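**Q** sequence below, structure please.
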Amino acid sequence: MNRPPDSFTSLHPGPLREFVAAVFQAVGMSAERSALLAGLLTTNDLRGVFSHGTRQTRAYVSHFKKGELTPTPEVRVVQETPSTLLVDGGGGLGYFPAHHAATWLGPAAKRQGIACAVTRNHGHFGAAGIYSRIPLQHGLFAYVTSGHQLHLQPGQTVLTAGGGSPHSFALPTGDEPPFVLDFGAMHDMYPGSAHVDTIAQLAPGSVFRSIGMGGVCQALGGFLAGVPADPARARREWSGANQGSFMVAVDLNLFLPIEQFRTEMDEYSRQVRQLAPLVGFDQAVLAGGMEFQREQEFAKKGIPISPQHEELLRGLAAEFGLAAPL
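**A** Have a look, this model is predicted:
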């Protein structure tokens, strides 16, 4: 889980966002795309999703410098119908085709009742919750997942079948924080994880469910997006463009007046807050509630930047001749 660091420096989001945008421009990305990407990463930090926030900047810069991905992809719509969209990422990061697809989903689902999109030929697209939140702004249910190139070999543990991909579910609320469930299907279950063998012995059903969810991510976000099960069949101009995504949005108003649904979700959220939290936690909230609280708090007090995160930012500043935002 993403937990705020015990030792940290508080950094307001504006300077962090501007710095990260400058880094991406320094490696050849356009000003518009740099600003979009920096904004998405900084917002993840604001929500406490540090694993998929600005700490990813170093990895993305490395992909560009190694020639694994291009900072200047041609993102193009391959096929479009009134309710479906296929977007090619052009060998760049997945944020740009995925953001385009998620933005398209809302109006399309409002017109058609349901809309689906697939993106292909790109690298990492970050946290799935970035994209499920976009149709949510239209009062829609959204599901988003991603898949990546697997390298399964005989004799490997079955845990590898689940891959490492995320998925996110988003549901509209009224006055309560939006319900956004955003998680890695195999989190805590990766081969070699500290407690995976103990979890498998005590709760094998949980492990099998994680593998099953990972398989769904791989099938819809990977195979459907042109990522083959056998890496030998992959044909890529950019070696890092080994991922895809799948998204769907549904207009719940077709089944129940949306305001009635929002009212039920709000009451549900308030009831959950009255429940006893898990041992080691100080509150009980629905998915998305903690991220909502952190975003309000960190926007005022600043994002907690760990020493490791600070070192990463200072290293990028020195590499590109920029002033560190700290």
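**Q** the strands in the chain, which residues?
**A** Under the criterion DSSP state E, the chain contains strands at 9-11, 76-80, 84-88, 114-122, 141-148, 166-171, 179-184, 243-250, 303-305.
**Q** show me which positions of the third one end up buried.
**A** Buried residues in strand 84-88, counting neighbours by 16 or more other Cβ atoms under 10 Å, are found at L85, L86, V87, D88. In short, each C-beta sits where N, CA and C put it, glycine included.
**Q** most widely separated two among those residues?
**A** Distance extremes for those: the farthest pair is L85 and D88 at 11.0 Å, using Cβ to Cβ.
**Q** overlap of the contact sets of the two?
**A** Contact with both L85 and D88 is made by residues V77, according to Cβ atoms under 8 Å, 6 or more residues apart in numbering.
**Q** so which elements touch the worst-scoring helix or strand of the chain on mean pLDDT?
**A** Lowest on mean pLDDT, DSSP states H and E among the helices and strands of the chain sits helix 196-202, with a mean of 91. Applying 3 or more Cβ pairs under 8 Å, 6 or more residues apart in numbering; DSSP states H and E, one finds that helix 196-202 contacts helix 204-221.
**Q** where's the residue nearest the centre of the chain relative to A170, distance?
**A** The structure's the chain has its C-alpha centroid closest to A127; by Cα atoms, centre = their mean the separation is 1.1 Å. Separation of A127 from A170 (Cβ to Cβ, to the nearest Å): 12 Å.
**Q** now swap in H138 and tell me
**A** With Cβ to Cβ as the criterion, H138 and A170 are 11 Å apart.
**Q** in terms of neighbours, single out the busier of those two.
**A** A170 (27 against 16; other Cβ atoms under 10 Å).
**Q** in contact with the closest residue to that one other than its chain neighbours, which residues?
**A** Of all residues not flanking A170 in the chain, S132 sits nearest, at 3.8 Å (Cβ to Cβ, 6 or more residues apart in numbering). Contacts here follow Cβ under 8 Å, 6+ apart; on that basis S132 touches A102, A142, Y143, V144, S168, F169, A170, V180, D182, M247.
**Q** highest neighbour count among those?
**A** Neighbour max across those (other Cβ under 10 Å) = V144, 32 neighbours.
**Q** just for the stretch 1-150 of the chain, where's the confidence low?
**A** For the stretch 1-150 of the chain, the stretches flagged by pLDDT under 70 are 1.
**Q** returning to what we had before: could you redo the strands of the chain as CSV and give each row distance to F64?
**A** Output for these, formatted as CSV (distance: least, Cβ to Cβ, whole Å):
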stretch, distance to F64
strand 9-11, 24
strand 76-80, 20
strand 84-88, 19
strand 114-122, 13
strand 141-148, 18
strand 166-171, 22
strand 179-184, 24
strand 243-250, 16
strand 303-305, 23
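**Q** thought V61 was touching L312?
**A** No - taking contacts as Cβ atoms under 8 Å, V61 lies outside contact range of L312: 10.4 Å.
**Q** how about I130: what's its closest non-neighbour residue?
**A** Once flanking residues are discounted, I130 sits nearest to L40: 5.6 Å by Cβ to Cβ, 6+ apart.
**Q** check P4 too.
**A** Using Cβ to Cβ, 6+ apart, the closest residue to P4 is P304 (4.8 Å).
**Q** and for M186?
**A** Spatial nearest neighbour of M186, chain neighbours left out: G162 (4.3 Å); criterion: Cβ to Cβ, 6+ apart.
**Q** need the contact list for that neighbour.
**A** A185, M186, M189, S210, I211, G212, M213, G214, G215, Q218.
**Q** I'd assumed L150 was in contact with the last one.
**A** Right, Q218. Yes - if you go by Cβ under 8 Å, Q218 and L150 touch, sitting 6.7 Å apart.
**Q** anything in contact with each of these two?
**A** What both Q218 and L150 touch, as defined by Cβ under 8 Å, 6+ apart, is the set G163.
**Q** look at those two and report which has more neighbours.
**A** The neighbour count for Q218 versus L150, taken as other Cβ under 10 Å, is higher for Q218 (26 against 22).
**Q** how about that one, nearest residue that isn't a chain neighbour?
**A** G147 (4.5 Å).
**Q** before we move on, what about S239?
**A** E68 is the one closest to S239 (Cβ to Cβ, 6+ apart), at 5.0 Å.
**Q** for burial, what's the neighbour tally of that neighbour?
**A** 16.
**Q** also Q201?
**A** Residues near Q201, counting by other Cβ under 10 Å: 9.
**Q** one more: V272?
**A** Neighbourhood size, V272 [other Cβ under 10 Å]: 16.
**Q** returning to that earlier point: look up how far Y131 lies from the residue nearest to I130.
**A** As for L40, its distance to Y131 is 10 Å (criterion: Cβ to Cβ).
**Q** overlap in contacts of the two?
**A** Shared contacts of L40 and Y131, defined by Cβ under 8 Å, 6+ apart, are found at H99.
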